[in-house]
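Visitor: Sequence below, structure please.
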Amino acid sequence: MGGERRRTIAGPKQIVWMAAVAVGSAFFFSGMLRACMWLGDRILPEAGLVYGFIIGMIATLVLWPQVLWVVWRARRAHLRKAGRRASGTIVRSEMRREHRPFVDRFRLGLTVDLVHPASGEARQVRKDYVVIAPRKAQLESLHRRLTEGGSAPLLIHGTSTAIDVPDRPSWADIW
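Guide: Coordinates of the predicted model:
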């Protein structure tokens, strides 16, 4: 895999997943607000809409990450069942701190070279995991496990490739 050209695996499926999360979050947020406001109006007509709105906001913030966790587990299980397991060589494993107003973020960037099992082509998978300070220890643990020059477990199904990590490092990470 020295000097040959590698094709980066990314494409329409990743965009579809991102769009599904964006649209799903809008529908989930809207549905939770409507349900809580309707319930609040039925229970306490004079102030139920306000309380329903507040409870709907809190419920959405608490439940949406759980919904994403379920979807992530389902996608991982699907890739494990329908796809092939493979191993790739980590060519870049870089963790850095990004200073942002109000909160610092930590980013783990991974680049993995592999030979696609079906086509025999040299491919490359790139993945960035981004977390805020409270999840930094989990990201550091992943960084220690996936070091440059080491091997990374992969799940491959058609043109989709995922780095097989046991836990979802970021709450929004499903693709």
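
Visitor: so where's this protein uncertain?
Guide: By pLDDT under 70, the weakly predicted segments of the chain are 1-14, 167-175.

Visitor: Show me which strand runs longest in it.
Guide: strand 84-98 (DSSP state E).

Visitor: The helix or strand following it pairs with which strands?
Guide: Note on strand 84-98: by DSSP states H and E, the next helix or strand toward the C-terminus is strand 105-115. Here strand 105-115 has these sheet partners by DSSP bridges: strand 84-98 (antiparallel), strand 122-132 (antiparallel).

Visitor: in stretch 140-148, what's buried?
Guide: Neighbour-count burial for stretch 140-148, with 16 or more other CB atoms under 10 Å as criterion, is recorded at 142-143, 146. C-beta coordinates here come from the backbone N, C-alpha and C atoms, glycine included.

Visitor: can you list contacts of it?
Guide: Residues outside stretch 140-148 that contact it (CB atoms under 8 Å, 6 or more residues apart in numbering) are 90-93, 95, 108, 110, 129, 152, 163, 165, 169.

Visitor: let's see 10 Å
Guide: 89-95, 106, 108-112, 127, 129, 131, 152-153, 163, 165-167, 169 (CB atoms under 10 Å, 6 or more residues apart in numbering).

Visitor: next one: it to chain centre, how far?
Guide: 17 Å (CA atoms, centre = their mean, to the nearest Å).

Visitor: again, but for stretch 93-100
Guide: Distance, centroid of stretch 93-100 to centroid of chain: 17 Å (CA atoms, centre = their mean).

Visitor: Name the residues of it that are buried.
Guide: Buried residues in stretch 93-100 (16+ other CB under 10 Å): 93, 95.

Visitor: what's the answer for stretch 71-80, then?
Guide: 71-72, 75-76, 79.

Visitor: Give me the subset of those residues that lies in helices.
Guide: Using DSSP state H, 71-72, 75-76, 79 are the members of the buried residues of stretch 71-80 that sit in helices.
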